[in-house]
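Novice: My questions are about this predicted structure, shown below with the sequence.
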Amino acid sequence: MPTPTVIDFFSGCGGTSTGLRDAGMRIAAAVDFDSAASATYRANFPEAEFHEVDIRILAHDAFDHLVPHDAPLVFSACAPCQPYSSMRPTASRARPRERSLLLTLIPFMDRLIPDVLIVENVPGLQKIPGGSTWNRFLRYLARAGYSTRWEVIDCRDYGVPQRRKRLVLLASRHGEIDLPTPTHGGNRRPYSTVRDWIGSLPAIQAGETYADDPLHRSGALGDLNMRRIMALSEGGSRSEWPDDLWLECHRNSKGHQDAYGRMRYDDTAPVLTTKCTDITNGRYGHPTQHRAISAREAALLQTFPLEYKFLGSLKSVTKQIGNAVPVLVAKAMGDHIVEHLNDAGIDSDG
C-alpha cells in the first residue's frame, strides 16, 4: 500500500502529526489559527504545507493540489476543546461559533473524500445539550457512507504516563473499523510512570533553565510557595502543610485538592492542562525537586520526543503542550489505521 497522506486540521503544536508520522504516514499539510502553536509546528514539520488561518475562512480548495491519486488520504481533526472541557464550568453555554468548529470540516470532506478520519477531543464534546455538534457530525458521516467507531479512552492504556480521558473517533469508507486494542494496564504491560519519562533529566532549580535544553526550564517560586513545596513529600498534597502555610480559601473547601501537590515518580501523572507548569494549578510539583515540572518534562509526559522543538514563552509553550494530543495515542491510532487499510486491500487504485 502506498504511504497514507495526512492533512491535520486544528493541528496545534503537532502531537497528532508526530504520532501519525511515527506510524509511517506522510504529513502533507496542516491548519491552525494559533500563532505560537503554528510556529512550533512549522519548526518540526518543515516539509508540510502550513495554513495559519481561521478554518472558517480557509478556501475549500486549499488542499486540492496535495491530494494523492495513488495513496490513501487521512484527515485528523482535534477542534479546540475548551468549549467542552469539564474544567470549564460554563461549557454547556459555549458560544455557537465555538461549538460548531468540528462542522467546518464537512466541506473539505465533501471535496476530498478522505479514506479515514480521526477525531480527538475531550469527553464533554458528546454531552453538549440541544442540537449537538457531535450528533450532527455523526449523522453527516453516516450519510457520507463512513463506518464509525468512537469511545472515551484512557490514554494510559496506550503507554501515556498520564490520567487523561479523551473522546476518540475513527471513521472509514472502507468497511467496519474499530479502535486499537489497549497495550497497557490490566493483564497487559504495566502503565508507564512519571519516572519512566522524566526520571533521567538533569536536576534544575525553580526559575532555572538547563544550559543544554532551553525547554527544560521551570517557573520561579516566591518565598511562600517555595516553603509550601519544600514541606511536601513525594506524591504529597497540602494536607501535609503546617497551619501557617494554608490559604484561607482552602481551609473550608474540599475542592482542588491537587493544587500545590507533587507528582509521584512510580505513578502516572495527573491530566496535564494548559497551566501544568504552575504548582498553584494542580499536582504539578516535581516528585522530589523543589519546583514545578519544567516545560520539557510536561512535553515528555505528553510523550513528545526529547528533541521536539517548542517556540514561545514558558506560558505559551505550556499552553501548547497542555492542548496537544499525546503522541503515543496518535501513533496507536495511526498504526491501527495502516493495518485497517491493508486489511481492506487498499492499493494504488484506492
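Specialist: Now that the structure is in, tell me what you want to look at.
Novice: Run through the helices of the stretch 51-200 of the chain in chain order.
Specialist: Using DSSP state H, counting those that start in this stretch, the helices of the stretch 51-200 of the chain run over residues 96-99, 106-112, 133-143, 194-198.
Novice: And the closest residue to Glu297 other than its chain neighbours, how far from Pro161?
Specialist: Nearest non-adjacent residue to Glu297, counting by Cβ to Cβ, 6 or more residues apart in numbering: Ile198, 4.4 Å away. Every C-beta, even on glycine, is put in place using the N, C-alpha and C of the backbone. Using Cβ to Cβ, to the nearest Å, Ile198 is found at 9 Å from Pro161.
Novice: With Thr148 instead?
Specialist: Between Thr148 and Pro161 the distance, using Cβ to Cβ, works out to 29 Å.
Novice: Of these two, which one has the most company?
Specialist: With neighbours defined as other Cβ atoms under 10 Å, Thr148 and Pro161 compare such that Pro161 has more, 26 against 16.
Novice: Ala39 reaches Gly312, doesn't it?
Specialist: Yes: counting by Cβ atoms under 8 Å, Ala39 does reach Gly312; the two are 7.0 Å apart.
Novice: Mutual contacts of Ile198 and Pro161, please.
Specialist: Residues within reach of Ile198 and of Pro161 at once, by Cβ atoms under 8 Å, 6 or more residues apart in numbering, are Leu301.
Novice: so where's this protein shaky on pLDDT?
Specialist: For the chain, applying pLDDT under 70 flags the ranges 81-100, 127-131, 253-256, 347-350.
Novice: May I see the buried residues of stretch 337-344?
Specialist: Going by neighbour count (16 or more other Cβ atoms under 10 Å), the buried part of stretch 337-344 is Ile337, Val338, His340, Leu341, Ala344.
Novice: any chance you could map the strands in the protein?
Specialist: 5-9, 26-32, 49-52, 73-77, 116-121, 147-154, 165-172 (DSSP state E).
Novice: ok so, going back, export the buried residues of stretch 337-344 as CSV, with columns for distance to Ile55.
Specialist: Shown next, in CSV, are these (distance: Cβ to Cβ, whole Å):
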residue, distance to Ile55
Ile337, 22
Val338, 26
His340, 26
Leu341, 26
Ala344, 29
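Novice: for these, which one is nearest Asp22?
Specialist: When those are compared for distance to Asp22 (Cβ to Cβ), Val338 wins out at 11.3 Å.
Novice: Scan the chain for its longest helix.
Specialist: Secondary structure of the chain read by DSSP state H shows that its longest helix is helix 327-343.
Novice: just to revisit the earlier point, dump the strands of the chain to CSV, plus distance to Pro190.
Specialist: Formatted as CSV, these follow (distance: least, Cβ to Cβ, whole Å):
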stretch, distance to Pro190
strand 5-9, 31
strand 26-32, 32
strand 49-52, 38
strand 73-77, 29
strand 116-121, 24
strand 147-154, 14
strand 165-172, 19
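Novice: Those: which one's closest to Tyr308?
Specialist: Using Cβ to Cβ, the nearest of those to Tyr308 is strand 26-32, at 14.1 Å.
Novice: Packing partners of that closest one?
Specialist: If contacts are counted by 3 or more Cβ pairs under 8 Å, 6 or more residues apart in numbering; DSSP states H and E, strand 26-32 sits against strand 5-9, helix 15-22, helix 35-44, strand 49-52.
Novice: Return the distance of the longest one from the chain's centre.
Specialist: Relative to its parent chain, helix 35-44 has a centroid offset of 15 Å by Cα atoms, centre = their mean, to the nearest Å.
Novice: how big is the angle separating it from strand 5-9?
Specialist: Computed with axes from the mean of the first three to the mean of the last three Cα atoms, to 10 degrees, the direction of helix 35-44 lies at 160 degrees from that of strand 5-9.
Novice: neighbouring contacts of helix 35-44?
Specialist: 11-14, 17-18, 30, 32, 48, 50, 52, 308-312, 316-317, 319-320, 323.
Novice: switch the cut-off to 6 Å
Specialist: 11-14, 30, 32, 50, 52, 309-312, 316, 320 (Cβ atoms under 6 Å, 6 or more residues apart in numbering).
Novice: swap in stretch 158-165?
Specialist: With Cβ under 6 Å, 6+ apart as the test, stretch 158-165 has contacts from 123, 152, 154-155, 183-184, 192-194, 197, 268-271, 301, 303, 326, 328-329, 332.
Novice: Give me the buried subset of those residues.
Specialist: Among these, those buried by neighbour count (16+ other Cβ under 10 Å) are 123, 154-155, 184, 192-194, 197, 268-271, 301, 303, 326, 328-329, 332.
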